[in-house]
Structure formats: structure tokens, C-alpha cells
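K.L.:
Starting from these lines, generate the structure:
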Amino acid sequence: MEKEVQILWLPLARVAALYDKSIKTVRRMVADGTFIAVKRVVESGGYRIAKLFIASGQELADLDKAYCRRRKERPVCLKQERIILDGCQPGCLFVISYSKDKKVEHGKE
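P.N.:
I've put the predicted structure just below:
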């Protein structure tokens with residue numbers, strides 16, 4: 001049984017859209033420590049690309065959920081995993097994109 005997700009990681013571009021900021025501004029916010037971010041290599045359209053993901057708190061997760069409802073989208077996620085952050089290993093879920101179709105989870109077998 002998988003443990004509950006403790007950190008939801010959203011794509012940089014989505015965070016910029018949710019806060020009505022430019023991608024460049026959000027990158028600056030990551031650099032100054034406002035946001036925690038990690039870079040991951042993910043598959044997209046048959047290619048492997050590096051994407052920057054932002055750790056979301058409850059406020060950001062709620063904004064994303066409402067945004068998805070308004071646009072009738074569902075998140076496309078990687079398989080839940082654990083990463084080491086400050087000596088802890090929280091359950092993490094990475095949203096790699098959004099789909100107008102049914103929910104799709106990559107990495108599930």
C-alpha cells in the first residue's frame with residue numbers, strides 16, 4: 001500500500017500561470033529561496049526533457065486543483081516516489097503535464 005503523498009511537485013510553467021508571474025520571475029524566486037525546486041528528466045512526446053518542478057504547499061495545491069476544475073483538466077503524474085529532503089524522505093508526486101482526457105499515470109504497472 002502506498003503512503004500518502006506529502007509533497008506535490010508542479011511544473012515551473014504551471015506555478016507561473018497560477019501566480020500570474022513570468023517563468024523568469026518564478027526562476028528568480030527559486031534562486032532566492034522563495035520556492036524549493038528540483039530538476040527531473042521526464043518523457044514528453046517520445047523525447048526525454050529536463051523540467052523544473054516546484055514543491056507546492058497547501059495553498060498552491062488548492063490553486064492548482066481549482067485551475068484544473070475550471071479548465072476541465074486532469075494531472076498526468078509520474079509514479080509516486082520518495083526523495084531525500086533535509087534528512088527526511090517524504091512521499092512525492094510529480095505532475096508532468098495536464099490532460100483534457102481521463103487521468104493517466106506514467107510509471108504504473
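
K.L.:
And the strands in the protein?
P.N.:
Listed in chain order, the strands of the chain (DSSP state E) span 7-11, 37-44, 47-56, 74-77, 81-82, 91-99, 104-105.

K.L.:
Just say which of the ones you listed is most tucked in.
P.N.:
strand 7-11 (a mean of 22; mean count of other Cβ atoms under 10 Å). (C-beta placed from N, C-alpha, C; glycine too.)

K.L.:
Rebuild the strands of the chain as TSV, extending it with mean pLDDT and distance to Asp20.
P.N.:
Output for the strands of the chain, formatted as TSV (pLDDT from 0 to 100; distance: least, Cβ to Cβ, whole Å):
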stretch	mean pLDDT	distance to Asp20
strand 7-11	94	15
strand 37-44	90	19
strand 47-56	94	15
strand 74-77	91	20
strand 81-82	87	30
strand 91-99	91	17
strand 104-105	50	28
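
K.L.:
Tyr19 is nearest to which of those?
P.N.:
Taking Cβ to Cβ, strand 47-56 is the member of the strands of the chain nearest to Tyr19, at 10.0 Å.

K.L.:
quick one on the thing from earlier: switch the strands of the chain over to a markdown table; also include distance to Thr25.
P.N.:
Formatted as a markdown table, the strands of the chain follow (distance: least, Cβ to Cβ, whole Å):
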| stretch | distance to Thr25 |
| --- | --- |
| strand 7-11 | 15 |
| strand 37-44 | 13 |
| strand 47-56 | 12 |
| strand 74-77 | 23 |
| strand 81-82 | 29 |
| strand 91-99 | 20 |
| strand 104-105 | 30 |
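
K.L.:
For Arg27, which of those strands is the nearest?
P.N.:
Taking Cβ to Cβ, strand 47-56 is the member of the strands of the chain nearest to Arg27, at 7.6 Å.

K.L.:
That closest one to strand 91-99, inter-axis angle?
P.N.:
Orientation check (axes from the mean of the first three to the mean of the last three Cα atoms, to 10 degrees): strand 47-56 against strand 91-99 gives 120 degrees.

K.L.:
So in that sheet, which strands flank strand 47-56, and in what orientation?
P.N.:
strand 7-11 (antiparallel), strand 37-44 (antiparallel) (DSSP bridges).
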